[in-house]
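Trainee: Attaching a predicted model along with its sequence, questions to come.
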Number of protein chains: 2
Amino acid sequence: MSTPVRTSIATVSLSGTLEEKLVAIAAAGFDGFEVFEPDFVASPWSPKELRTRAADLGLTLDLYQPFRDFDSRSEDQFARNLVRAQRKFELMEELGCETLLVCSSPLPTASHDDGQLVEQFSALAELASEHGKKVAYEALAWGGHVNTYRHAWKIVEEVDHPSLGTCLDSFHILSRGDDPAGIRDIPGEKIFFLQLADAPFMAMDILQWSRHHRNFPGQGSFDLSTFAGHVHAAGYTGPWSLEIFNDVFRRADTQRTAVDAHRSLLHLEEQVSAAVSVGDGPELFTAPERTPLEGIVSLRVAAGPAKQDQLHTMLSSVGFHLVGRHRDHDLQLWRHGLLTIAVDATAGTVWSAPGLPADLPVLTQIGIRATEPEVWGRRALALEVPVEQVRLPGSADENAEVPDVVRLKVTDATSIDLRGPGSAAAWESAFDIYPLSAARNRAEASVLTGIDHVALAVPAESWDSVMLLLRSVFEMHPHEGLDVTDSVGLMRSQALTLVQDGSGNTLRISLNMVDGSRSGLPTVRRGGVSHVAFSCENIFAAAATMADWGYAPLPLSPNYYEDLEARFGLNAELLDRMRGAGILYDADAHGEFFHLFTPTVGADLFFEVVQRVGGYEGYGEVNSAVRLSAQLRAE
Amino acid sequence: MSTPVRTSIATVSLSGTLEEKLVAIAAAGFDGFEVFEPDFVASPWSPKELRTRAADLGLTLDLYQPFRDFDSRSEDQFARNLVRAQRKFELMEELGCETLLVCSSPLPTASHDDGQLVEQFSALAELASEHGKKVAYEALAWGGHVNTYRHAWKIVEEVDHPSLGTCLDSFHILSRGDDPAGIRDIPGEKIFFLQLADAPFMAMDILQWSRHHRNFPGQGSFDLSTFAGHVHAAGYTGPWSLEIFNDVFRRADTQRTAVDAHRSLLHLEEQVSAAVSVGDGPELFTAPERTPLEGIVSLRVAAGPAKQDQLHTMLSSVGFHLVGRHRDHDLQLWRHGLLTIAVDATAGTVWSAPGLPADLPVLTQIGIRATEPEVWGRRALALEVPVEQVRLPGSADENAEVPDVVRLKVTDATSIDLRGPGSAAAWESAFDIYPLSAARNRAEASVLTGIDHVALAVPAESWDSVMLLLRSVFEMHPHEGLDVTDSVGLMRSQALTLVQDGSGNTLRISLNMVDGSRSGLPTVRRGGVSHVAFSCENIFAAAATMADWGYAPLPLSPNYYEDLEARFGLNAELLDRMRGAGILYDADAHGEFFHLFTPTVGADLFFEVVQRVGGYEGYGEVNSAVRLSAQLRAE
């Protein structure tokens, strides 16, 4: 039976002092780490102290890095560099670290002659060998002469020395668009080290991209599972290590980042194990598989007393009505057809942070119906995501070990609740349900058929963490991110979808980046970020019915409809109907999109009703500025 | 006599609603504006209302923009685009706007045939003419076929229609590295519009660079004075207009951004007028010329009671001593040789913002000796920078109209005080000066010869504004910016210098970007951002003398000196002396740099002593992480 894949991380990936980083790395479950030289140089620990401290924490020193600008066309400079390397081998001996990372040189003085490179790396390998050390040679994507993994491997192959191997870094390979399939041609034992980094696709200089915008596997856009699959198949048996340069991680909470980092490797291993036959190599992590979800069926919104009336007005205007009250808490039950919204007025701290408007409404729970929440709970825990397993007081079988609800925190404010088959009835049993009323009858004329998507405000410093959670536990698929500009600024927006095989059911969550705040709450962005979009079959009929319930169209600019006419050539009658009902429009190659909005409740939250025609794939983001402008006027 | 250059700005350059933008544009002194279509489409104002409102504010509608994707290889699509253009000409008639901006198409469906382009633009020009309108054709840097100003001009020239001219945009031309000298070959009357934007040099995709990182002339790295000089020399007589896409400006205070915008044009005009003979064109702005400065000679530091002792300890340790107290305020006078530091313990709000540590020290004034502060005052006012003209109570001639001090606010926390020849004595007359004391005698052994540089913490949202102030009023020269990384994150740092002709005196100010805070105060970055670096002739002698005054070397990592040895091959004796005195080291192609630091006073402020050997040009930023790490341990 093979041993599990060993996990490692470069200290540069985290914020804090070297001392703080080591504690976080060990606590997150890593087996070892790469010593990033500037961290060591700034540390008060002597080499021996670092060695001892790491051993106490159960961590191995897997790599000392980086050794830069080794090769040189000047033999004098090369001789000096060899002395510098010797100093580092001596230091590594004290540290108890076996392997030195040497990267290809981007300097104009670098050797551009493969023959000279082979000579210089032969000398280095020999020197390493004398010190009982090994050198892992890596091609930087911006290396002046050597900048592909094939070229670095060619040098290593020609030197043919047991102390010289290659280091493969996913960023340097995938950022150039190189085909990683050739990795399978490298003997596994000559791959001395593996560094893994993801990154969002960005059209920018590779060096800037690399130094500021890398992130963990499953947070960016690279196909890392194919990449790591090749390395695994080549017979590589060393650690899978993360080397991430990221401006946000550099200042974020050390421990939280380390936990995400470890999760990203588990997720990657799971993806690789699904794709390749495992063979003789180290054993890849797997988690319990996903089971079906039935879509978003309930929500919980918390708001302070000052915003309760406004929230009720908005809910009424889109067709929700109050059907009951919780017997013990200040919690109302609102319903429209099969959709439930719990309105939480319990005194709490969620919506009262200093500097924020009073009584801010917050979307605190997204309820998703699941056939087997307990499997999701096991899956999340295996992926090191903490879950709360909730047994409701009214649950059918009090002794069952199966939770009614499995709760995962997505942001500090919002959780996803996976609700089992009996949970709705169990939960409702704690409420006094009103007798059938006119309001309730009205709901029979339900116009909202479901929840098209939920948009969450996510602080910049949690962004990558939330992406990883949704992509690892739920295996949601990220769409292309976009920047939405309007009168209050620019907002990054990212949609993720989960298409349910068979059911045709699509679960959509959209993330909107807001500046972080120390309170842990999303900062309020004047004019609305969080929203819930309900789907309908016919938006004109819906708007007409909703008008009876108090829906008043937003004061959209007449210029908007003039422009729609010029852009899409829509006919006058359709434009008139849209104008009359406050409906906005978009189209893509697959279909059309109609949508309408309520004003905001307390600067952030609002509701939307959408109708998709054909296979329209977007979210109408192009109308954001017009929508916000009207919402600000409606305040 | 010619009229002044007309100034204009695109509404996209500012945050807020169209209504708010217009008010700010008028208040900042612009003559007109470009209507950015999405702003108009979201506005509740009808075309007629916008026209009336602009007229009331004294603003002309100089351009309607942008009209995208006009030309097409498909004649059907072209016909639809012509109809779309007609709609916009009709709208412009209502708006009272004469010129439409049409940009080259980046679409794959764009025409790639110059003959077809000439035909299509002939049709557009004819249509414009029928509506009494004009079209300004602009080459986008990322246009699929037309992407240089020469190519756009070639099409315009071949169409040869009075209603078609070209629009020149500095960003699209300079971002590609195109030579703008060819602009002189375009007849001035065929240049229908001029758009000006600066940008920092960034190695990234031009589209991303253009959409997020443009800034005002004098805030970035482009040579705009040469560019604008060519346009002026070509005989262009239309407005100089700013079209700036900037993520920070999109959310910044509308009025403040508009004021900076207008200043940037005045500064650019002044630069152009110094370079080219004005000729018959519109008259270029000039401000009173700079007069000599003698360097930074005094500072004022405010700190609350809890930090006063610590501040005094730090000041003593670098050789300052208390020589007097203000008779009316809680203000101490500290001195070292010719250098003065006023320590302000006046109760105030500067250092007491919610969420910040109590009694935070802040550098509130940088005093620079000037021979003629009144000329600087006039210069600043001409450039629309507010100044405070201070007459000191003890001033020699109470009736003189000449101020003793001219004060310019640099950030919300810090001002630059230009101090006239008699101001030191006048100011000191309000202090009780202690009789000659041992402490005072000690100062005779002065080791600090001046102030090498001052580093200011600047919030991200003020960054461009501060850059423009220092570059316009003082004509300081910006050096290449860099990112400093350490255990608490990443910080953008930017040095500016003012080399005094003749005197050899160099005034250096370095800006460190910190996240903004709503309090207007720089956010505290644990571990020090603001600092004052004193110069000395011999840092080893200085450290030895300072040891008697209480200076204790920072607990720098021994690993740092091991690494210095490996990197620079410094000899063991020198390394020992540096280690003993807590001295750090750097070298560049021009010389060497030695420096030492105090611990921080209250998380932000610290003092530094530096010795430059030869022509070293940097600031030792490479040692920042090591310095901070030691300061955190010394806290």
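Mentor: Thanks, I have it.
Trainee: mind listing the helices for the stretch 501-635 of chain A?
Mentor: Taking DSSP state H, counting those that start in this stretch as the criterion, the stretch 501-635 of chain A carries its helices at A:539-549, A:558-568, A:572-581, A:624-634.
Trainee: To A:Ile509, which of those lies closest?
Mentor: Among these, helix A:624-634 comes nearest to A:Ile509, with 17.3 Å by C-beta to C-beta. For every residue, glycine as well, the C-beta is placed using N, CA and C.
Trainee: Just give me how far that closest one sits from the chain centre.
Mentor: Distance of helix A:624-634 from the chain centroid (C-alpha atoms, centre = their mean, to the nearest Å) equals 29 Å.
Trainee: Next: stretch A:74-86.
Mentor: Worked out by C-alpha atoms, centre = their mean, stretch A:74-86 lies 44 Å from the chain centre.
Trainee: which stretches of the stretch 451-600 of chain A aren't confidently modelled?
Mentor: For the stretch 451-600 of chain A, applying pLDDT under 70 flags the ranges A:501-504, A:515-528.
Trainee: near chain B, which residues of it show up?
Mentor: By C-beta under 8 Å from any C-beta of the partner chain, the residues of the stretch 451-600 of chain A that approach chain B are A:483, A:485-490, A:518, A:555, A:557-560, A:562-563, A:565-567, A:569.
Trainee: Nearest to the spatial middle of chain A, which residue is it?
Mentor: Note on chain A: the residue nearest the mean C-alpha position is A:Met467, at 1.4 Å, using C-alpha atoms, centre = their mean.
Trainee: element containing that residue?
Mentor: Assigning secondary structure by DSSP states H and E places A:Met467 in helix A:463-472.
Trainee: Remind me what the following helix or strand past that helix packs against, helices and strands.
Mentor: The element immediately downstream of helix A:463-472 (helix or strand, assigned by DSSP H and E) is strand A:477-478. Here strand A:477-478 touches helix A:463-472, strand A:489-499, going by 3 or more C-beta pairs under 8 Å, 6 or more residues apart in numbering or on different chains; DSSP states H and E.
Trainee: what does the following helix or strand past strand A:477-478 rub up against?
Mentor: Counting by DSSP H and E, the next helix or strand C-terminal to strand A:477-478 is strand A:482-486. For strand A:482-486, the surrounding residues in contact (C-beta atoms under 8 Å, 6 or more residues apart in numbering or on different chains) are A:490-494, A:512, A:527, A:621, A:624-625, A:628-629, B:38, B:42, B:211-212, B:250.
Trainee: could you redo the last one with a cut-off of 10 Å?
Mentor: The contact list for strand A:482-486 (C-beta atoms under 10 Å, 6 or more residues apart in numbering or on different chains) reads A:490-495, A:512-513, A:525, A:527-529, A:618-619, A:621-629, A:632, B:12, B:15, B:17, B:38-39, B:42, B:208, B:211-212, B:245, B:247, B:250.
Trainee: follow-up on the earlier one: surely the residue nearest to the centre of chain A touches A:Val248?
Mentor: No: A:Met467 is beyond contact range of A:Val248, at 12.0 Å (criterion: C-beta atoms under 10 Å).
Trainee: between those two, what contacts are shared?
Mentor: Listed contacts common to A:Met467 and A:Val248 are A:Asn215; contacts here mean C-beta under 10 Å, 6+ apart.
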